[in-house]
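# Mind looking at a prediction? Sequence and model below.
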Amino acid sequence: MIFYLGDIHGNFNLINQYIKMYDLKDAHIIQVGDFGVGFNTFEKEKRLLQMTHDVLVKNNVMVWAIRGNHDYKPYFDNDPFEFTNIKLVKDYTVLNLEGKNILCIGGAVSVDRMWRYTKAQKLGTYTTPTMGHESWWPDEIFELDIDKLKDLKDINIMVTHTAPDYCFPDNKMGLGLFVNGIIKDTGDVELKTDLMYERNQMTHAFQIVKMNNNIEHNYYGHFHKSDVLNMYGTKHRLLNVGELWNERD
């Protein structure tokens, strides 16, 4: 059985709680980004993950985490934790689980990037992810790689952190008071353009994949809401923070 889990922002214990609550065994959990790694020292995060990993091994549950904007990208490019039952998934990986081919693409723009951009980062003295919740990394973004998409076949499901521009939230008429307030408070005048461009690029990614594939489902997070949209033959499901879902629900 495959479950999908929304942003958890470092609350790894939530996975333990779900396993106990639903007595999950012999299952896969695909976490849709903002897993929350990179905000503490590697050693501390490994200790925290180890407690969850022990529960996963006992119940034969696998966690596959894709990269969010609140994640340290080098960890997903080359997973340093080396757990058997927690895997950080590199962008454009295709997982074959329960007879489904699942394309995983991470990354997104942080609306709070200027708040998280620390003095040490601005001075160039920040070199390792040990600065806590203020850490921000410029390689957080989703990057469209057409060459990795154009020849894909037999893809059934896409898991992404952000979503095409026709999905919720629909920003075609503006980004809303929250984002406009951040732009005003931080002076991040490029944020609006970056957010709109990113959604357009993700739309392009879906168009490329759908030319050769029947995408049944897309699961995404990032926007801290729950929503579902059937469009162009695909059910796009936005998972709220900590929301656990499987298609039998």
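Ah, there it is.
# so what's residue 198 up against?
By C-beta atoms under 8 Å, 6 or more residues apart in numbering, the contact set of residue 198 is 108-109, 141-142, 162. Using the backbone N, CA and C atoms, a C-beta is placed for each residue, glycine as well.
# Could you identify the most distant pair in the residues you listed?
Spatially, the most separated pair among these is 141 and 162, at 9.4 Å (C-beta to C-beta).
# More neighbours: those two, which one.
residue 162 (26 against 20; other C-beta atoms under 10 Å).
# what residues are up against the residue nearest to residue 231 when sequence neighbours are not counted?
The spatially closest residue to residue 231, leaving aside those adjacent along the chain, is residue 166, at 5.9 Å (C-beta to C-beta, 6 or more residues apart in numbering). If you count contacts by C-beta under 8 Å, 6+ apart, residue 166 has them with 203, 229, 231.
# Residue 166 in helix, strand or coil?
Under the three-state scheme (DSSP: H, G, I helix; E, B strand; the rest coil), residue 166 adopts coil.
# how close does it sit to residue 46?
Distance, residue 166 to residue 46, using C-beta to C-beta, to the nearest Å: 40 Å.
# for residue 22, same thing?
The value you get for residue 22 to residue 46, if C-beta to C-beta is used, is 26 Å.
# Compare the two and say which one has the larger neighbour count.
Neighbours per residue (other C-beta under 10 Å) separate residue 22 from residue 46, with residue 46 holding more: 16 against 12.
# The nearest residue to that one once chain neighbours are set aside: what's it in contact with?
The shortest distance from residue 46 to any non-neighbouring residue, by C-beta to C-beta, 6+ apart, is to residue 81 (5.8 Å). Residues near residue 81 by C-beta under 8 Å, 6+ apart: 45-46, 49, 75, 88.
# Mind pulling the model confidence for residue 81?
Per-residue pLDDT puts residue 81 at 96.
# Make sure it is indeed in a helix.
No: using three-state DSSP, the assignment for residue 81 is coil, not a helix.
# Next, it: phi, psi?
phi -80, psi -30 (degrees, to the nearest 10).
# Likewise for residue 102?
When read as degrees, to the nearest 10, the backbone of residue 102 gives phi -120, psi 110.
# go on, the one 5 residues further on?
Listed backbone geometry of residue 107 is phi 100, psi 150, with angles given as degrees, to the nearest 10.
# do you know how far it is from residue 21?
30 Å.
# the more surrounded of the two?
Between residue 107 and residue 21, counted using other C-beta under 10 Å, the more crowded position is residue 107 (25 against 9).
# Provide the secondary structure category for the closest residue to that one other than its chain neighbours.
Sequence neighbours aside, residue 142 is the residue nearest to residue 107 in space, at 3.7 Å (criterion: C-beta to C-beta, 6+ apart). Taken by three-state DSSP, the conformation at residue 142 corresponds to coil.
# didn't residue 142 look like it was pressed against residue 161?
Yes: Residue 142 lies in contact with residue 161 (C-beta atoms under 8 Å); the separation is 7.0 Å.
# Return every residue with contacts to both of the two.
105-108.
# ok, and the most crowded of the residues you listed?
Neighbour max across the shared contacts of residue 142 and residue 161 (other C-beta under 10 Å) = residue 106, 30 neighbours.
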